[in-house]
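Undergrad: here are the coordinates; sequence isn't available:
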């Protein structure tokens, strides 16, 4: 099955300018692309400079994924470390931060001595 994003193939999307692509995404992403914060502009320059040779390290979690990024690898900071993300066509129009989760799953063990106020008075024998 061929990939389509709002009726456009990947090749058509990659030929579009950023202004043409911004008309396809939702209003929040369009506003972000139009105003382009400084960290996003720096990221775009870094992508042009590095290319696809090595993972592109960034803390810009709010960056909207562009069609030209398909195939690139990003190292997105999640608050603790950089998580590597390979961009696929299905990620177009979404944010980098959506793929580098900041919270993990918490698994608690069973209650023990000192776990609750009631266990304070359990006999140790």
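TA: Looks like it arrived, so ask away. This is a predicted model, so every value here is computed, not measured.
Undergrad: of all the residues in the helix or strand where residue 34 lies, which ones are buried?
TA: In the assignment (DSSP states H and E), residue 34 maps to helix 27-35. Under the neighbour-count criterion of 16 or more other Cβ atoms under 10 Å, helix 27-35 has 29-30, 32-33 buried. For every residue, glycine as well, the C-beta is placed using N, CA and C.
Undergrad: how close does residue 102 get to residue 77?
TA: Distance check for residue 102 against residue 77: by Cβ to Cβ, to the nearest Å, it reads 9 Å.
Undergrad: out of these two, which sits in the busier spot?
TA: residue 77 (17 against 11; other Cβ atoms under 10 Å).
Undergrad: mind listing the residues bridging to that one?
TA: Using DSSP bridges, the bridge partners assigned to residue 77 are residue 82.
Undergrad: okay, residue 83 and residue 104: tell me how far apart.
TA: In this structure, residue 83 and residue 104 are separated by 11 Å, where distance is defined by Cβ to Cβ.
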